[in-house]
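Chemist: here you go, sequence then predicted model.
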Amino acid sequence: MKKVIVIGGGIAGLAAAYRLQEEINRGAQVSCTVLEGSDRLGGKIHTIRRDGFILERGPDSFISQKPAVVELCKKLGIDDHLMGTKTDHPQTFVYLNRKMVTIPDGLSLMVPTKFMPFVTTRLFSWPGKIRMGLDLFLPRRRGNSDESLASFVRRRLGTEALEHMAQPLMSGIYASDPEEMSLNASFPMFAQVEKKYRSLVLGMLAQKRKRATAPPTPKGYKPFSFFLTMKNGLSEIVETLVEQSPDIQFRTQAPVESLRRKGNNWHIGLKSGETLEADAVILSTPANRTARLMEDWAPGISARLDQIPYVSTAAVVLGFDRNHFAHPLRGFGFVVPHIEKRKITACTWVSSKFPGRAPDDRVLLRAFVGGAVNEHLAEQDSETIKQQVRDELQDIMGIREEPLFCEVFQYRKGNVQYRVHHPQLVSEIEKELEDFKGLYLAGSAYKGIGIPDCVKNGTENADAALKFLGVKSELSQSGTA
Ligand SMILES: Cc1cc2nc3c(=O)[nH]c(=O)nc-3n(C[C@H](O)[C@H](O)[C@H](O)COP(=O)(O)OP(=O)(O)OC[C@H]3O[C@@H](n4cnc5c(N)ncnc54)[C@H](O)[C@@H]3O)c2cc1C
């Protein structure tokens, strides 16, 4: 019986373990243990259910356009618990010049694809709009080399599009600074669109038309909302996955301190002093932890892993009594451009965005602090963060009401950043890794930060391990899987 050890029980490691469980169900002769350092599984995914509220410490949703999570939910039989955003007030705002400005309809990831909403929006000045329109005439860039998202947006759409739109969205979604962020790693489709269509606007329009006329995918999957979440919070995926993996041994409070190759085996040393052996290891720990486990025997890979930076963020969750809450909360929330010089980067009006997040007579908000541009703000003590967020929400939204609760969730160096040339760094790591048979790197540090990317990446690494060990079930090999 071959043995696989997965180090790190975040969603990438769990997706890898579930893939192995699927093969075990089909008769593969393989065993698997997941070693998680903390006292719970799920990593960044962490739902708290309390007094009728569903609070998310980390991620609160995932994009539907990448189907890996939806497919996993179907396999787990919980796809009927997938939920889209509410439809009554689907707008999001940018807080600009001390006003809430609606993000215009038809903006496809910051590229305008509808004429009238773009012409009438107050988000851009007339000179700003004319500059964005120049995209229709500008030539394409030559070559394939990576560039920063900021350089790309400035080049194609101008500075205002960057400052009013791209920067606050990137800061809200990726906690990243577009000046440092890799275009090829984060938005490869923009580089491809420019290459194929020259103009971003024309390219996005062409893609939109193609999507509208495309037949449903072979699996019949058509996203019904751009963002999806789970009825009982994202931890529902983690809990169900663990429940449905009876042959996987999940061990929490099992931090790994060392990893070594001995003969054909991998030796894994736990902090407790215990040593385990495995034929293959999937390391799904953050890159900076993975680097420590490899530095003695793979200094090249370790040094490259250390070049993948992480920044700190904090999420502040506030619950209020709806009866005494003056703000109408008509929308999903707002993002704040850096040029506004505020202490929060965004605020989601959670109870207006997703159904079932708060009892009917309560409202739930979540504000964000820190990220690449203002990391130090997220590293302050939690009382200071709390006070700063409450002051900001009072000034921006006029919230004077006393919250029923206000909790700060800090992620110190918890958000991975894909800097310019990240794809090249990952290719170099993969090349060097070929010398270490039976070792796989999974997780958000490499080929996609979002939950769908992590699920896909974990699953693919499990497949690679199964192939290496030659233990795919006969059912899979005969193509019936
Ligand atoms: C605040 C925040 C909000 C986010 N929002 C979204 C969102 O809305 N949508 C979205 O798609 N993505 C979002 N993301 C990104 C997404 O949540 C993460 O990229 C993803 O969950 C990471 O999964 P992972 O398995 O790669 O890593 P992790 O979840 O970090 O898991 C790694 C695990 O390894 C364990 N570990 C570390 N060292 C050791 C060791 N030595 N031994 C054993 N175990 C160890 C850790 O305890 C952890 O459980 C967000 C991230 C953050 C931080």
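Modeler: Ah, there it is.
Chemist: which bits of the stretch 201-350 of the chain sit near the ligand?
Modeler: 255, 256, 284, 285, 286, 289, 313, 315 (CB under 6 Å from any ligand atom). C-betas here are computed from N, CA, C, even on glycine.
Chemist: closest to residue 132 out of these?
Modeler: Taking CB to CB as the measure, residue 132 sits nearest to residue 313 out of these, at 29.5 Å.
Chemist: how many neighbouring residues does the nearest residue to residue 124 once chain neighbours are set aside have?
Modeler: Taking CB to CB, 6 or more residues apart in numbering, and ignoring the residues beside it in sequence, residue 124 has residue 160 as its nearest neighbour in space, at 5.5 Å. For residue 160, the neighbour count with other CB atoms under 10 Å is 18.
Chemist: which residues touch residue 160?
Modeler: The contact partners of residue 160, taken as CB atoms under 8 Å, 6 or more residues apart in numbering, are 124, 125, 127, 128, 131, 132.
Chemist: and these, which are buried?
Modeler: For the contacts of residue 160, a burial check counting by 16 or more other CB atoms under 10 Å picks out 124, 128, 131, 132.
Chemist: tell me which element the residue nearest to residue 124 falls in.
Modeler: Under the criterion of DSSP states H and E, residue 160 resides in helix 159-161.
Chemist: return the distance of that helix from the chain's centre.
Modeler: Centre-to-centre, helix 159-161 and its host chain are 25 Å apart (CA atoms, centre = their mean, to the nearest Å).
Chemist: touching the ligand at all, the next helix or strand after that helix?
Modeler: Where DSSP H and E defines the elements, the next helix or strand beyond helix 159-161 is helix 167-174. No - Helix 167-174 stays clear of the ligand (CB under 6 Å from any ligand atom), getting no nearer than 7.6 Å.
Chemist: elements contacting the next helix or strand after helix 167-174?
Modeler: Downstream of helix 167-174, the first helix or strand assigned by DSSP H and E is helix 183-186. Helices and strands touching helix 183-186, by 3 or more CB pairs under 8 Å, 6 or more residues apart in numbering; DSSP states H and E, are helix 149-157, helix 188-197, helix 422-433.
Chemist: can you map out the strands along the stretch 201-350 of the chain?
Modeler: With DSSP state E, counting those that start in this stretch, the ranges of strands along the stretch 201-350 of the chain come out as 227-230, 248-251, 256-262, 265-270, 275-278, 280-283, 310-321, 333-335, 346-348.
Chemist: pLDDT below threshold where in the stretch 301-450 of the chain?
Modeler: Within the stretch 301-450 of the chain, no range satisfies pLDDT under 70.
Chemist: how about the helices in it?
Modeler: 350-353, 375-378, 382-397, 422-433 (DSSP state H, counting those that start in this stretch).
Chemist: what's the offset of the last one from the middle of its chain?
Modeler: From the chain centre to the centre of helix 422-433 is a distance of 21 Å (CA atoms, centre = their mean).
Chemist: one more: stretch 326-334?
Modeler: 24 Å.
Chemist: can I get it in PDB? Just the C-alpha atoms.
Modeler: Extracted in PDB, the C-alpha atoms of stretch 326-334 (Å, rounded to 0.1, in the frame of the first residue of the first chain):
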ATOM      1  CA  ALA A 326     -30.300  54.600   9.500                       C
ATOM      2  CA  HIS A 327     -28.300  53.600   6.400                       C
ATOM      3  CA  PRO A 328     -30.500  51.900   3.700                       C
ATOM      4  CA  LEU A 329     -27.600  49.600   2.600                       C
ATOM      5  CA  ARG A 330     -28.900  49.400  -1.000                       C
ATOM      6  CA  GLY A 331     -26.000  47.500  -2.600                       C
ATOM      7  CA  PHE A 332     -23.200  45.100  -2.000                       C
ATOM      8  CA  GLY A 333     -20.900  47.700  -0.400                       C
ATOM      9  CA  PHE A 334     -18.000  49.900  -1.600                       C
END
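Chemist: can you list contacts of that stretch?
Modeler: Contacts of stretch 326-334 (CB under 8 Å, 6+ apart): 85, 89-95, 100, 102, 346-353, 363, 365, 396-401.
Chemist: try 6 Å
Modeler: 89, 91, 92, 93, 95, 100, 347, 348, 349, 352, 353, 397 (CB atoms under 6 Å, 6 or more residues apart in numbering).
Chemist: flag every buried residue along it.
Modeler: For stretch 326-334, by 16+ other CB under 10 Å, it's 329, 331, 332, 333, 334.
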